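Chemist: Sharing a model that was predicted from the sequence below.
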Amino acid sequence: MVSFVTKMDTAKAGKDGFYLHHYVVNISWEQARQLQGKKIKITGVVTIVKGLGNQPSSDDIRQGREADTKHILTPTIETMQKGRWTRYIFSS
């Protein structure tokens, strides 16, 4: 389990999710737009996806990242409200 505070920036999007504080955080574009520019606290379980450098070598064509990546697949997101962290409820 990991927890960190960061500022949401949709410019840090990648094909896997949003790159925040050395983690790939799985949130939708709509959720990211609602959080854009806000100071947020993210908490979640880290899942490590092995990179090509940590896989057995073969002569086949390989595609993907060389290094391992750390993903937070089901994050809990909180925002600061009235001096305390409150779980963020996304509007639809």
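Modeler: Great, that's in hand. Numbers count the residues shown, from 1 in each chain.

Chemist: residues contacting the most centrally placed residue in the chain?
Modeler: Nearest to the mean C-alpha position of the chain, by CA atoms, centre = their mean, lies Val25 at 1.3 Å. For Val25, the contact set (CB atoms under 8 Å, 6 or more residues apart in numbering) comprises Gly17, Phe18, Tyr19, Ile42, Gly44, His71, Ile72, Pro75. Heads up, the C-betas are built off the backbone N, CA and C, glycines and all.

Chemist: one more time with 7 Å
Modeler: Gly17, Phe18, Ile42, Ile72, Pro75 (CB atoms under 7 Å, 6 or more residues apart in numbering).

Chemist: tally of neighbours for the third one?
Modeler: I take that to be Ile42. Neighbours of Ile42 under the rule other CB atoms under 10 Å: 22.

Chemist: any idea whether it is helix, strand or coil?
Modeler: Recorded secondary structure, Ile42: strand (DSSP: H, G, I helix; E, B strand; the rest coil).

Chemist: quick one on the thing from earlier: buried members of the contacts of Val25 into PyMOL, please.
Modeler: Those of the contacts of Val25 that count as buried under 16 or more other CB atoms under 10 Å are selected in PyMOL with:
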select buried, resi 17+18+42+72+75
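
Chemist: what's the most distant pair in the contacts of Val25?
Modeler: Gly17 and Ile42 (11.4 Å; CB to CB).

Chemist: Which pLDDT does the model give Val24?
Modeler: If you check Val24, the pLDDT there is 96.

Chemist: That one touches Gly17, doesn't it?
Modeler: Yes: using CB atoms under 7 Å, Val24 is in contact with Gly17, at 4.5 Å.

Chemist: For this protein, just list every one of the strands.
Modeler: Here the chain has its strands, by DSSP state E, at 2-7, 18-20, 23-25, 39-44, 46-49, 69-72, 76-81, 84-87.

Chemist: Identify whichever of the ones you listed lies nearest to Gln31.
Modeler: Per CB to CB, nearest to Gln31 of these: strand 76-81, 7.8 Å.

Chemist: Could you pull out the buried residues of the closest one?
Modeler: Those would be Ile77, Glu78, Thr79, for strand 76-81 by 16+ other CB under 10 Å.

Chemist: How about stretch 81-92?
Modeler: Per 16+ other CB under 10 Å, stretch 81-92 contains these buried residues: Tyr88.
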